[in-house]
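Enquirer: Prediction below, plus the sequence it came from.
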Amino acid sequence: MKKIFGYIAAIAIAGVLQGCANTTESGAIGLQRSQLLLVSSEALNAQAAQGFQKLTADAQSKKKLNTNAKQTQRVRRIGQDLIAQTTVFRADARDWAWEINVFDSDEINAFCAPGGKIGVYTGIIDRLKLTDDELAAVMGHEIAHALREHSREKASQQALSNLLTSTVSAATGVHGGLLDMGTQMMVHLPNSRGMELESDVMGLELMARAGYDPRNAPNLWRKMQKASGGDQGLVFLSTHPTGDDRIAAMEGTIPKVLGLYQEAQAQKSANTRKPAPKKKKTGP
């Protein structure tokens, strides 16, 4: 039995090693982490597109989709500014079928589903009174999740967890529920916290390159803390870092991307100073 278990484990480990990759370039922030990617990106992106289509159709039927033209235009402008910078991390992002919609809801939330389907809830804009910089921080964070394929990574971790649980349970007779708890603690929770921090710092670089001041990003999480009444759970067991952790990580990253923001601002200033081209005469 031990030999059989060892053989199965060796096959599983070999599969895991073949499934390890890095989905993005490191950028100015120097992000480097090998990711477990066992699940098909095509299948996940197709599911996400289908889910997004249903969500938007439901919202539209209830007259809860893009109800404020000015607000929708603002969200899409900032989103397009950020999307224009995604190729720094992934060249193939230019080929994604990006969509941006605003959902009329009091919920404080935003997302970017696999493949570039972005949703922003009016609650996060209105209740937190977000500035353009803060909104760019929210959207940059969510876009970073999609660029890093965190949903695919989490699905792969769950697949590995299931494989380990079934294999070890069959070989040892240990109850699957106990193994589930152990493998989730070993495989799932730590990476989830890491994914959030990755998205924070990658989002900072995206917003800086797009001309939004990264120094204002920590204000977003301070507002989040205030809206939620502060962090209640233990950091160790939480899948999301506390606001204080996020702010500290951001403040440590800002010096790496501040120059990119300043360059983007200088470029914008140069573009506004350029005289308009003279119109050619088309007649007498």
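Expert: Great, that's in hand. Numbers count the residues shown, from 1 in each chain.
Enquirer: how far does the helix or strand hosting A208 sit from the chain's center?
Expert: Assessed by DSSP states H and E, A208 sits inside helix 189-209. Here the centre of helix 189-209 is set off from its chain's centre by 7 Å, with CA atoms, centre = their mean, to the nearest Å.
Enquirer: which strands and helices sit next to it?
Expert: Of the remaining helices and strands, those touching helix 189-209 by 3 or more CB pairs under 8 Å, 6 or more residues apart in numbering; DSSP states H and E are helix 132-147, helix 150-172, helix 217-228, helix 243-273. (Glycine included, C-beta is placed from N, CA and C.)
Enquirer: one more time with 6 Å
Expert: helix 132-147, helix 243-273 (3 or more CB pairs under 6 Å, 6 or more residues apart in numbering; DSSP states H and E).
Enquirer: Could you tell me the angle between it and helix 217-228?
Expert: Interaxial angle, helix 189-209 versus helix 217-228 (axes from the mean of the first three to the mean of the last three CA atoms, to 10 degrees): 130 degrees.
Enquirer: per-residue confidence averaged over helix 189-209?
Expert: Per-residue pLDDT over helix 189-209 has a mean of 84.
Enquirer: what angle separates that helix from helix 132-147?
Expert: Using the same axes, to 10 degrees: helix 189-209 against helix 132-147 is 130 degrees.
Enquirer: Out of the helices and strands packed on helix 189-209, which one sits most buried?
Expert: Of all the helices and strands packed on helix 189-209, helix 132-147 has the most neighbours on average by mean count of other CB atoms under 10 Å, namely a mean of 25.
Enquirer: now what about it, what contacts it?
Expert: For helix 132-147, contacts defined as CB atoms under 6 Å, 6 or more residues apart in numbering pick out 24, 78-79, 82, 89-90, 110-112, 114, 116, 199-200, 202-203, 206-207, 212-213, 216-217, 219-220.
Enquirer: now do stretch 71-90
Expert: With CB under 6 Å, 6+ apart as the criterion, stretch 71-90 contacts 24-25, 27, 66, 93-94, 98, 100, 102, 118, 120, 135-136, 139-140, 143, 147, 206, 209-210.
Enquirer: returning to what we had before: please, a PyMOL command that selects the buried ones among the contacts of helix 132-147?
Expert: Buried members of the contacts of helix 132-147, defined by 16 or more other CB atoms under 10 Å, are picked up in PyMOL with:
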select buried, resi 24+78+79+82+89+90+110+111+112+114+116+199+200+202+203+206+207+212+213+216+217+219+220
